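I need the structure of the sequence given here:
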Amino acid sequence: MAFAYIFNKGRNPNSRQEREAALDIGLKLDFSEEAKTLKRVEVKEPKARILAVDDEPIILDSFRKILVVAGYSIDTVEKGRELSVSY
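Coordinates of the predicted model:
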């Protein structure tokens with residue numbers, strides 16, 4: 001419970017809603033021309049841009065949800081070989 005308090009302390013509820021909306025929009029965009037499994041979520045004024053690579057889609061889904069709500073833009077792919085296509 002202490003972690004949840006610290007994690008949420010000082011949060012602007014409107015910012016969280018904006019980030020959650022960005023998550024919904026970002027997951028509906030089609031980046032298949034760049035890389036087959038690439039999913040990108042952009043947030044307004046991100047703290048940083050993160051690239052996550054993991055072969056388990058559920059892990060990548062968790063990363064996206066957690067990091068976008070925390071204020072980060074994120075790209076995810078399931079295979080490192082796809083990076084040469086999109087980056």
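
drop to CA atoms for contacts and neighbour counts, all remaining ones
Will do.

in this protein, what spans have low per-residue confidence?
Scanning the chain for pLDDT under 70 picks out the ranges 1-14, 25-34, 83-87.

Where do the helices of it begin and end?
2-8, 13-26, 57-69, 83-86 (DSSP state H).

ok, now how distant is the nearest residue to Ala52 once chain neighbours are set aside from Gln17?
Spatial nearest neighbour of Ala52, excluding adjacent residues (C-alpha to C-alpha, 6 or more residues apart in numbering): Thr76 at 4.8 Å. Note on Thr76: its distance to Gln17, by C-alpha to C-alpha, to the nearest Å, is 22 Å.

quick one: the residue nearest to Ala52 and Ala35 touch, right?
No. Assessed by C-alpha atoms under 8 Å, Thr76 is found out of contact with Ala35, at 10.0 Å.

related to what we said a few turns ago, compare Thr76 and Gln17 (neighbour count), which wins?
Comparing Thr76 with Gln17 by other C-alpha atoms under 10 Å, the one with more neighbours is Thr76, at 22 against 12.

Contact partners for the more buried one?
37-40, 51-54, 60, 64 (C-alpha atoms under 8 Å, 6 or more residues apart in numbering).

could you dump those to CSV with distance to Ala21 and neighbour count?
Listed next are the contacts of Thr76 as CSV, based on distance: C-alpha to C-alpha, whole Å; neighbours: other C-alpha atoms under 10 Å:
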residue, distance to Ala21, neighbour count
Thr37, 21, 16
Leu38, 19, 22
Lys39, 15, 23
Arg40, 13, 21
Leu51, 20, 14
Ala52, 20, 17
Val53, 23, 19
Asp54, 24, 13
Leu60, 18, 20
Arg64, 13, 25
